[in-house]
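Engineer: A predicted structure for the sequence below; I have some questions about it.
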Amino acid sequence: MFLPKDKKGVEVVFVWIFVVIAGAVIIAFFVSFAFRHAETSTAVTDIRYLDTISSIITTFATSLEADKTINLPTKVEVLFHCDGILMESGGREYNRQIPNHIIFGTERLADDKILLWTVPWRLPYTITNLIYTSSPHVKYFLIYDSASRNFVNELASEIPSRFLTEPMDVRSLNIENIDKDSELRQYYKNKFVFFTTPQKVDEIKNMKTDSSIVQIGKDNYGDITFYEETEKTSKYIGNELIYGAIFTDDYDTYTCLLEKTMNKHSQITSLYAEKARLLLIKSVAQCSYSQIKSTLDREKTLAQTLNIPELYKNSQLLIEENRLLDNQDCSLIF
């Protein structure tokens with residue numbers, strides 16, 4: 001190898017070495033900056049989508065029995081949980097609390113469209129608006145037997161058509177065909193809702209398409225069983241909470257939302273109990289405000305303790321006692 005023998009030649013070599021190293025450092029810096037900038041831009045965009053979705057849901061919650069589709073400029077992945085929504089971006093989680101609203105939704109929503117539906121929840125008076133959310137690529141099979149067919153068909157008729165629900169006779173349940181159809185139509189999740197004894201549970205759990213199973217009663221109140229690693233049972237009262245169990249994936253989230261609905265019920269009932277107390281002070285003897293106030297106090301306690309069977313019976317009694325006030329020409333409580 002040729003080596004320069006004079007001092008000037010050595011200086012030239014060191015200059016070129018310095019130039020190469022400095023150039024590499026500068027290039028590495030700009031490449032790193034570009035990647036960080038791209039990651040930051042993506043995260044900022046995702047957070048903007050998250051804020052947009054949160055804002056739309058908050059506004060939508062005040063609608064009465066409305067349904068709509070949120071169109072997003074790109075596909076996003078949003079996770080719904082008991083207290084709000086969450087998005088993962090750049091290895092970090094971004095959470096938006098929606099504490100004053102109750103949202104029943106599929107846990108993982110990966111789409112450029114979000115389906116929304118809101119229904120007033122009454123027990124027996126209006127408590128709040130419940131919100132249901134899903135994706136055009138999640139399908140719900142409402143499976144019935146001869147005893148539950150009419151109930152399921154009626155239930156399905158109330159769900160907006162933009163939600164993919166299909167009533168199905170349990171005798172027609174063909175998991176292989178459903179799995180093939182899901183792949184063809186690019187559904188990323190199936191939900192099997194049994195209003196009868198669940199069938200083909202192992203086949204469903206082994207589907208290529210992600211799937212979940214829940215069993216629901218067909219009465220005014222009852223049990224809901226989520227088939228996860230183990231069977232876990234919660235409660236429902238009224239069709240509104242049946243819809244909640246249909247659109248919620250797991251036991252923990254549903255049970256948390258059930259507790260939120262009952263807490264809200266307790267708060268609203270306290271207001272009606274106070275109204276009854278004030279009317280009792282000013283009322284004439286024939287008005288049965290003392291009686292209905294006692295029933296309202298019991299309603300509040302039953303909601304707080306999640307005593308669903310007694311809560312249903314008590315709410316029916318409230319309807320009768322409120323009607324009695326009307327017959328007595330007294331101001332109604334609700």
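Structural biologist: Structure received.

Engineer: Can you list the low-confidence ranges for the chain?
Structural biologist: 1-20, 22-46, 65, 89-90 (pLDDT under 70).

Engineer: what ranges do the strands span in it?
Structural biologist: 67-81, 84-89, 92-97, 102-105, 108-122, 126-134, 138-144, 164-169, 189-194, 210-216, 221-227, 231-237 (DSSP state E).

Engineer: With respect to burial, which of those strands scores highest?
Structural biologist: For the strands of the chain, average neighbour numbers computed from mean count of other C-beta atoms under 10 Å are highest in strand 102-105, which has a mean of 25. Glycine gets a C-beta too; all of them are placed from N, C-alpha and C.

Engineer: Could you list the paired strands of that strand along with their orientation?
Structural biologist: strand 126-134 (parallel) (DSSP bridges).

Engineer: just the angle between the partner strand and strand 108-122, please?
Structural biologist: Inter-element angle recorded for strand 126-134 and strand 108-122: 160 degrees (by axes from the mean of the first three to the mean of the last three C-alpha atoms, to 10 degrees).

Engineer: quick one: contacts of strand 126-134?
Structural biologist: 57, 60-64, 80, 101-106, 109, 114-121, 140, 163-164, 240, 243-244, 247, 261, 264-265, 268 (C-beta atoms under 8 Å, 6 or more residues apart in numbering).

Engineer: Take the strands of the chain and lay them out in CSV including distance to I333.
Structural biologist: As requested, the strands of the chain are exported to CSV (distance: least, C-beta to C-beta, whole Å):
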stretch, distance to I333
strand 67-81, 31
strand 84-89, 33
strand 92-97, 33
strand 102-105, 24
strand 108-122, 14
strand 126-134, 13
strand 138-144, 36
strand 164-169, 36
strand 189-194, 36
strand 210-216, 31
strand 221-227, 22
strand 231-237, 20
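
Engineer: just checking, L155 touches A245?
Structural biologist: No - with contact defined as C-beta atoms under 8 Å, L155 does not count as touching A245 (11.3 Å).

Engineer: and the gap between the residue lying closest to Y49 once chain neighbours are set aside and L115?
Structural biologist: Leaving aside its sequence neighbours, Y49 sits nearest to V76 (C-beta to C-beta, 6 or more residues apart in numbering; 5.2 Å). V76 sits 14 Å away from L115, going by C-beta to C-beta, to the nearest Å.

Engineer: Over to D169?
Structural biologist: Counting by C-beta to C-beta, the gap from D169 to L115 is 26 Å.

Engineer: Name all residues that make contact with P136.
Structural biologist: Contacts for P136 were tallied using C-beta under 8 Å, 6+ apart; they are T69, D111, K113, L115, R162, L164.

Engineer: List the contacts of S294.
Structural biologist: S294 neighbours (C-beta under 8 Å, 6+ apart): none.

Engineer: hmm, try it at 10 Å
Structural biologist: By C-beta atoms under 10 Å, 6 or more residues apart in numbering, S294 lies in contact with A273, A276, S288, E321.
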